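Q: quick one: sequence plus predicted model below, questions after.
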Amino acid sequence: MTRGLVIGKFYPPHKGHKFLIDTAVAHTGHVDVVVCDHPSQTIPGDLRARWLREIHPQTSVHVIEDFGDDENSARWAKAVRELLGYSPDVVFTSEDYGDTFAYFLGAQHVMVDRERMAAPVSGTMIRCAPLQSWEYLEPCVRAYFAKRICVVGAESTGTTAVAQALAEHYSTVWLPEYGRQYTAEKLAASGASGPSCTWESEDFEIIARRHLEEEDRLAREANRILICDTDAMATAVWHERYMGTRSAAVEAMAAARKYDLYLLTDCDIPFVQDGMRDGEHIRQWMTNRFREELEARRARWIWLRGSREARMAAAVKAVDEMLEESGWDSRIAQANCEFQPFHQSIEFAG
């Protein structure tokens, strides 16, 4: 069996790397992919390896310490031989070092797309402006780079309406509040006819964990940004409201998740009771708590106040500014969009 080797930083993996590895897979019986990892790299090597295992499940992916001596092909050949336990038969690269590296491995070298015609992109380009190189990223890598916008607010303050409208405006996906579905199922199971439930701390942990899981799944489908209706931080505030204490478990989940922008809906619009909501009397308290939490986290956030039109105008302005700072002008993109606009929510499975 012919054994092939592909080695690189894959920082991050992109369609150029995919073309290289797919070529190796097509021409050998087995392919080892070696990820070079250095502490200075902001995307951990183990994460890059997980991405590559998902993208190329038919290969064996390894992580090796990047000792930085890129020109020392003899040293790299020795390190790779020790890592694999054997010398590969064929080395596939898109780099000039490939001939020398392969020589020290006693392997054949195959140059693949040196001019980057198959995928005119590089890891440096993606790290500098990932939103501009979106078409060159696989879904698992897109989820890492997707900008996450979270809409939070008290009951009946329009968070869902804002999330839906933003998803439509930016032709992307949005994540509904899992806590609402969980509450409906809990009420149905108890046979209760009103908005009251008997809550336990475990309920809030389930809500926060499931919401984060679905968020990560949906981020793979996002068109550069993902709109989230609430988050684990909001679930922690609800735990405080119903249980009278804070939840270390829920707050740990909230602390581990970062959002690029929060939109806080004010309680300056009429309250509408839909049979599940707790009541208008707590809206101001909830709004104040959200603001306190956002300020304590030093999160990037803005108020959404007034009419629906005023709220949307403020939200779009804030999101556009955030995207422009990331090197992506959504207004130009929408004017020259090659993609069919789409927006969707998801249904949480039982």
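A: Arrived safely.

Q: right, and Arg305 touches Asp266 too?
A: Yes: counting by Cβ atoms under 8 Å, Arg305 does reach Asp266; the two are 4.4 Å apart. All C-beta spots, glycine's among them, are computed from the backbone N, C-alpha and C.

Q: what about these two, which has more around it?
A: Shown here are Arg305 and Asp266; by other Cβ atoms under 10 Å, Asp266 has more neighbours (19 against 15).

Q: quick one, what contacts the more buried one?
A: Contact analysis of Asp266 by Cβ atoms under 8 Å, 6 or more residues apart in numbering lists Gly153, Thr157, Thr287, Trp303, Leu304, Arg305.

Q: so which of the residues you listed sit within strands?
A: Gly153, Trp303, Leu304 (DSSP state E).

Q: what's near enough to touch the first one?
A: Going back to what we said before, that points to Gly153. Residues in contact with Gly153, defined by Cβ under 8 Å, 6+ apart, are Thr159, Leu264, Thr265, Asp266, Cys267, Met286, Thr287, Phe290, Leu304.

Q: okay, and the beta partners of it?
A: Counting by DSSP bridges, Gly153 forms beta bridges with Thr265.

Q: go on, the second one?
A: Each beta-bridge partner of Trp303 is listed here: Leu264, as defined by DSSP bridges.

Q: how many residues are close by it?
A: 16.

Q: mind listing what Lys9 touches?
A: Val35, Cys36, Gln41, Arg48, Asp66, Gly123.

Q: skipping adjacent residues, who's closest to Gly158 in space?
A: With sequence-adjacent residues excluded and distances taken as Cβ to Cβ, 6 or more residues apart in numbering, Gly158 is closest to Thr265, at 5.1 Å.

Q: and that neighbour, how far is that from Val250?
A: Taking Cβ to Cβ, to the nearest Å as the measure, Thr265 falls 21 Å from Val250.

Q: and the strands in this structure?
A: Under the criterion DSSP E, strands of the chain are mapped to 3-8, 30-37, 60-65, 90-93, 108-111, 147-153, 174-175, 225-229, 261-265, 301-304.

Q: can you list those strands in CSV and add mean pLDDT and distance to Tyr182?
A: As requested, these are exported to CSV (pLDDT from 0 to 100; distance: least, Cβ to Cβ, whole Å):
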stretch, mean pLDDT, distance to Tyr182
strand 3-8, 98, 44
strand 30-37, 98, 39
strand 60-65, 98, 37
strand 90-93, 98, 49
strand 108-111, 97, 53
strand 147-153, 97, 17
strand 174-175, 97, 14
strand 225-229, 98, 14
strand 261-265, 98, 21
strand 301-304, 98, 25
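
Q: make CSV out of these and add distance to Ala118.
A: Output for these, formatted as CSV (distance: least, Cβ to Cβ, whole Å):
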stretch, distance to Ala118
strand 3-8, 15
strand 30-37, 18
strand 60-65, 21
strand 90-93, 13
strand 108-111, 13
strand 147-153, 28
strand 174-175, 34
strand 225-229, 28
strand 261-265, 35
strand 301-304, 42
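
Q: of all those, which one is nearest Thr245?
A: strand 147-153 (20.6 Å; Cβ to Cβ).

Q: tell me how the protein divides into domains.
A: If you go by automatic domain parsing, the domain ranges for the chain are 3-126, 146-335.

Q: least reliable of those domains by average pLDDT, please.
A: Note on these: lowest mean pLDDT is at domain 146-335, with a mean of 91.

Q: OK, contacts around the residue lying farthest from the centre of the chain?
A: With distances taken as Cα atoms, centre = their mean, the residue sitting farthest from the centre of the chain turns out to be Gly106, at 40.9 Å. Taking Cβ under 8 Å, 6+ apart as the contact definition, Gly106 lies against Ser87.

Q: Ile43 versus that one, what's the distance?
A: In terms of Cβ to Cβ, Gly106 sits 32 Å off from Ile43.

Q: same check, this time on Leu218
A: 21 Å.

Q: over to Glu138?
A: Distance from Glu138 to Ile43, by Cβ to Cβ: 14 Å.

Q: what number of residues lie near Gly85?
A: Neighbour number of Gly85 under other Cβ under 10 Å is 6.

Q: which residues are in contact with the nearest residue to Gly123 once chain neighbours are set aside?
A: The spatially closest residue to Gly123, leaving aside those adjacent along the chain, is Tyr11, at 4.5 Å (Cβ to Cβ, 6+ apart). Applying Cβ under 8 Å, 6+ apart to Tyr11 gives the contacts Gln41, Ile43, Arg48, Gly123, Arg127.

Q: ok, Ala318 next?
A: Per Cβ under 8 Å, 6+ apart, neighbours of Ala318: Leu261, Leu263, Ile302.

Q: OK, contacts around Ala119?
A: By Cβ under 8 Å, 6+ apart, the contact list for Ala119 reads His14, Lys15, Gly16, Lys18, Phe19, Asp113, Tyr136.

Q: now the residues you listed: which count as buried?
A: Buried subset of the contacts of Ala119 (neighbour count, 16 or more other Cβ atoms under 10 Å): His14, Lys15, Gly16, Lys18, Phe19, Tyr136.

Q: hmm, who's touching stretch 38-54?
A: By Cβ under 8 Å, 6+ apart, the residues outside stretch 38-54 that reach it are 9-13, 17, 21, 33, 35-37, 59, 61-63, 65-66, 68, 127, 138, 140-141, 144.

Q: centre of the chain to that stretch, how far?
A: 15 Å (Cα atoms, centre = their mean, to the nearest Å).

Q: tell me which residues in that stretch are buried?
A: Those would be Gln41, Ile43, Gly45, Leu47, Arg48, Ala49, Trp51, Leu52, for stretch 38-54 by 16+ other Cβ under 10 Å.
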